[in-house]
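Undergrad: structure for the following, please:
(one chain, ligands or ions: 1)
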Amino acid sequence: MTQEFEFDVVVVGSGAAGMTAALTAAYRGLSVTLIEKSRSFGGSTARSGGGIWIPNNPVLQAAGVPDSPELARTYLKAVVGERVPEEKQRAFLDHGPEMMRYIGARSKYWQFVYDRGYSDYHPEFPGGLAQGRSIEPAPIDGRLLGGDLHKINQPTMSGPKGIAFTVSDFHDLNMIARTWAGKRTAMKVGAQAVANKLRGRLPLSLGKALAARLWLSLRDAGVPVWLNTPLTELVTEAGAVVGVRAEHQGVPVLIKARRGVVLAAGGFEHNLEMREQYISGPQSTDWTVGATENVGEGIVAGQKAGGAVDLMDDAWWGPSVRNPEGPPFFCLAERAQPGGIMVNHAGQRFVNESAPYVNVVHTMYEQQAAGVDHIPAYFIMDQTFRDRYLFLGNFPKRPIPQKYLDAGIITQADTLEQLANKIGVPAATLAATVQRFNAFARSGRDEDYGRGDSAYDRYYGDPTVQPNPCLAPLERGPFYAVEMVPGDLGTKGGLCTDEYARVLDEQNAPIAGLYAAGNNSASVMGNDYAGAGATIGPAMVFGYIAANHLADAREPQTAAAASASKRATNGRKPAARAGQE
Ligand SMILES: Cc1cc2nc3c(=O)[nH]c(=O)nc-3n(C[C@H](O)[C@H](O)[C@H](O)COP(=O)(O)OP(=O)(O)OC[C@H]3O[C@@H](n4cnc5c(N)ncnc54)[C@H](O)[C@@H]3O)c2cc1C
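TA: Numbers count the residues shown, from 1 in each chain. Predicted coordinates:
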């Protein structure tokens, strides 16, 4: 038998978008529940780097970042162009700082730090900032979660227990063999790990810290979160969304929503059928690092309720290396460091390797469509590169893990010619490509693709290599070819929403009672990526906007919903205690 419940608001999905929406709704005095499909909470957000891009937010202001609303508007417009309605861009920029202040004034867990110097992804665009506009959650002691600690979604790669590093630490750690800052940071992280062990602390950082901070805030605000509760469909009356049907721990439930439903159930990265339907070029669910539960159910439910979709052919792409034992490795820093290049199957460079990850994969797909095989592309590096930098999480000078060699993902050879022959790339072309690149490296100017010209390129470059920290010749064997596939952090297409996060139908009219945020909605970033955190930042902001719009609505969305609300019991919960399922 179907159990029935009723709240003002039902939020679907416990990532950054959903938890921020539920928290805001609770702070605005609404009764709210959050349902989450998985047995764990946090979705891709918990797996992520936790970077948040919100211009002019209070953390940036306190750090003295020279931003202004006008500058931010100019920059976002330059990044997304006409692809995203201006009102939606403006809503994100106007309400972002407000969201940070609003929740910060109410949650004792709301602590963030500036990612100093993590450049906007297009700092050379009007309004772009080389200092960056990215922040991240401060690390937090996992013991605060108590029995909920094991419910946090696990990252694709986790280090040993007790070790936690921040985005800024990661930046420095990449230079462990090259700079004093790298060595100092390694010592700091090591010393913190020892102190944590002695004191019994369980530090969480990056996306885990963000998910934990949101979860703890929800717990304090008394918001019931039902894990293991997948949405099955939206309930509509007279064209308005008035609730959801779900399965709560295997039992069918009907949860009525007096004011509305916020869909925040992530993207469709793990749904091969949808990927092939909407995205052209080779696709695989093995190339994404997004949460495995994200199969587009929120998007499809919204479509069934009449919602239109947009940006479905795009994703938060990034060149990635397959891992024979699990999720792939999303390459962030490797492409910027000097001494490696990317080539296609013709043995030619085709892109500024250090460019923002979304743009590099766009080029891979464009070139693939133009007829030259770029999938996988090859990342070519020499032994000097391997001796200097972390690679796929492995320390400098360490041998390439055998599993990559055995799986044919990485190929090793003493000479470039042998390498080319092994991977089936024309040897003469590869030799010419490397020779030309080496000349650029010596002069410090990449005449083909301008690698290292942008402050973004240089963020993960090697400051000890001058004049261009992203360029060094490839000359010392053995040489390596690493297959690079078009991986992603998740998809960015979804339900069309307006500046209030209301889901729009094909006629651009809002569907009463239905809101969407995060990867469940079409991104305010359009086809690009403004800076580190440009998926989580907007996810949180539009979750906040949705909840406020619901709170500001004086009446339930429809007359039918109003009469339904009188019949049902307010906010009954399943037997299990909130947040403890
Ligand atoms: C390794 C990695 C690093 C990243 N680093 C960053 C970064 O530093 N900064 C940044 O901005 N972005 C980053 N991203 C991308 C970012 O994490 C996501 O784009 C973002 O977290 C999406 O948030 P969301 O709330 O939309 O979805 P999610 O966080 O994915 O949450 C969606 C939730 O909905 C649940 N769900 C799905 N279907 C249903 C259903 N039927 N019923 C109920 N619940 C459902 C899922 O289980 C999931 O918990 C990274 C991603 C990864 C994987």
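
Undergrad: average pLDDT across stretch 77-97?
TA: Averaged across stretch 77-97, the pLDDT comes to 97.

Undergrad: try stretch 8-25
TA: When pLDDT is averaged over stretch 8-25, the result is 98.

Undergrad: cool, stretch 413-433 as well?
TA: 98.

Undergrad: so how far is it from its chain's centroid?
TA: In terms of CA atoms, centre = their mean, to the nearest Å, the gap separating the centre of stretch 413-433 from the centre of its chain is 35 Å.

Undergrad: and the contacts of it?
TA: Contacts with stretch 413-433, where a contact means CB atoms under 8 Å, 6 or more residues apart in numbering, come from 341, 343, 345-349, 378, 380, 411-412, 434, 474, 477-481. Using the backbone N, CA and C atoms, a C-beta is placed for each residue, glycine as well.

Undergrad: same check on stretch 459-468?
TA: So stretch 459-468 is contacted by 117-119, 171, 174-175, 178-179, 332-333, 335-338, 354, 388-389, 441, 444-446, 451-452, 469-472 (CB under 8 Å, 6+ apart).

Undergrad: the stretch 351-500 of the chain: strands as residue ranges?
TA: 377-381, 410-413, 479-491, 494-495 (DSSP state E, counting those that start in this stretch).

Undergrad: looking at the ones you listed, which is closest to the ligand?
TA: Between the ligand and these, the tightest spacing by CB to the nearest ligand atom is seen for strand 479-491, at 3.6 Å.

Undergrad: next, the angle from the closest one to strand 377-381.
TA: Interaxial angle of strand 479-491 relative to strand 377-381 (axes from the mean of the first three to the mean of the last three CA atoms, to 10 degrees): 130 degrees.

Undergrad: elements contacting strand 479-491?
TA: strand 315-323, strand 326-330, helix 357-369, strand 377-381, strand 410-413, helix 416-423 (3 or more CB pairs under 8 Å, 6 or more residues apart in numbering; DSSP states H and E).

Undergrad: make JSON lines out of these and add mean neighbour count and distance to the ligand.
TA: JSON lines is the format used below for those (neighbours: other CB atoms under 10 Å; distance: least, CB to the nearest ligand atom, whole Å):
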{"stretch": "strand 315-323", "mean neighbour count": "25", "distance to the ligand": "6"}
{"stretch": "strand 326-330", "mean neighbour count": "20", "distance to the ligand": "6"}
{"stretch": "helix 357-369", "mean neighbour count": "20", "distance to the ligand": "10"}
{"stretch": "strand 377-381", "mean neighbour count": "25", "distance to the ligand": "19"}
{"stretch": "strand 410-413", "mean neighbour count": "20", "distance to the ligand": "21"}
{"stretch": "helix 416-423", "mean neighbour count": "19", "distance to the ligand": "27"}
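
Undergrad: would you convert the ones you listed into CSV that also reports distance to residue 40?
TA: Shown next, in CSV, are the helices and strands packed on strand 479-491 (distance: least, CB to CB, whole Å):
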stretch, distance to residue 40
strand 315-323, 21
strand 326-330, 15
helix 357-369, 26
strand 377-381, 33
strand 410-413, 32
helix 416-423, 39
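
Undergrad: least reliable of the ones you listed by average pLDDT, please.
TA: strand 326-330 (a mean of 94).

Undergrad: low pLDDT regions in the stretch 451-581 of the chain?
TA: 554-581 (pLDDT under 70).

Undergrad: which bits of it sit near the ligand?
TA: 489-490, 518-520, 532-536, 539 (CB under 6 Å from any ligand atom).

Undergrad: and the residues you listed, which are buried?
TA: Buried members of these, counted by 16 or more other CB atoms under 10 Å: 489-490, 518-520, 532-536, 539.

Undergrad: let's have the residues you listed in CSV, adding secondary structure and distance to residue 374.
TA: Putting these into CSV (DSSP: H, G, I helix; E, B strand; the rest coil; distance: CB to CB, whole Å) gives the following:
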residue, secondary structure, distance to residue 374
489, strand, 20
490, strand, 22
518, helix, 30
519, helix, 25
520, helix, 30
532, coil, 25
533, coil, 28
534, coil, 25
535, coil, 24
536, helix, 29
539, helix, 30
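
Undergrad: export those residues to CSV and tack on distance to residue 232?
TA: Below are these laid out as CSV (distance: CB to CB, whole Å):
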residue, distance to residue 232
489, 27
490, 22
518, 20
519, 20
520, 16
532, 35
533, 32
534, 31
535, 26
536, 27
539, 23
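
Undergrad: circling back to that earlier point, quick one: closest of the helices and strands packed on strand 479-491 to residue 82.
TA: Comparison of these against residue 82 by CB to CB identifies helix 357-369 as nearest, at 17.4 Å.

Undergrad: you'd agree residue 42 is up against residue 155?
TA: No: the pair residue 42 and residue 155 does not pass the contact test of CB atoms under 8 Å, sitting 9.6 Å apart.

Undergrad: what touches both of the two?
TA: Common neighbours of residue 42 and residue 155 (CB under 8 Å, 6+ apart) are 207-208.

Undergrad: in the stretch 101-250 of the chain, what residue comes closest to the ligand?
TA: For the stretch 101-250 of the chain, CB to the nearest ligand atom, closest residue to the ligand: residue 231, 3.7 Å.

Undergrad: quick revisit: just the residues of the stretch 451-581 of the chain next to the ligand now: which is nearest the ligand?
TA: residue 518 (2.2 Å).

Undergrad: what about the residue of the stretch 101-250 of the chain closest to the ligand, neighbour count?
TA: Neighbour count of residue 231, defined by other CB atoms under 10 Å: 22.

Undergrad: from what I can see it touches residue 297, true?
TA: Yes: counting by CB under 8 Å, residue 231 touches residue 297, with 6.2 Å between them.

Undergrad: what touches both of the two?
TA: Counting by CB under 8 Å, 6+ apart, the residues touching both residue 231 and residue 297 are 37, 265.

Undergrad: low pLDDT regions in the stretch 51-200 of the chain?
TA: Using pLDDT under 70, the stretch 51-200 of the chain drops low at 156-161.

Undergrad: can you do 80?
TA: 155-163 (pLDDT under 80).

Undergrad: neighbours of the closest residue to residue 389 other than its chain neighbours, how many?
TA: Nearest residue to residue 389 in three dimensions, chain neighbours excluded: residue 337, at 4.8 Å (CB to CB, 6 or more residues apart in numbering). Neighbourhood size, residue 337 [other CB under 10 Å]: 25.

Undergrad: gap between residue 337 and residue 243?
TA: Distance of residue 337 to residue 243, computed by CB to CB, to the nearest Å: 52 Å.
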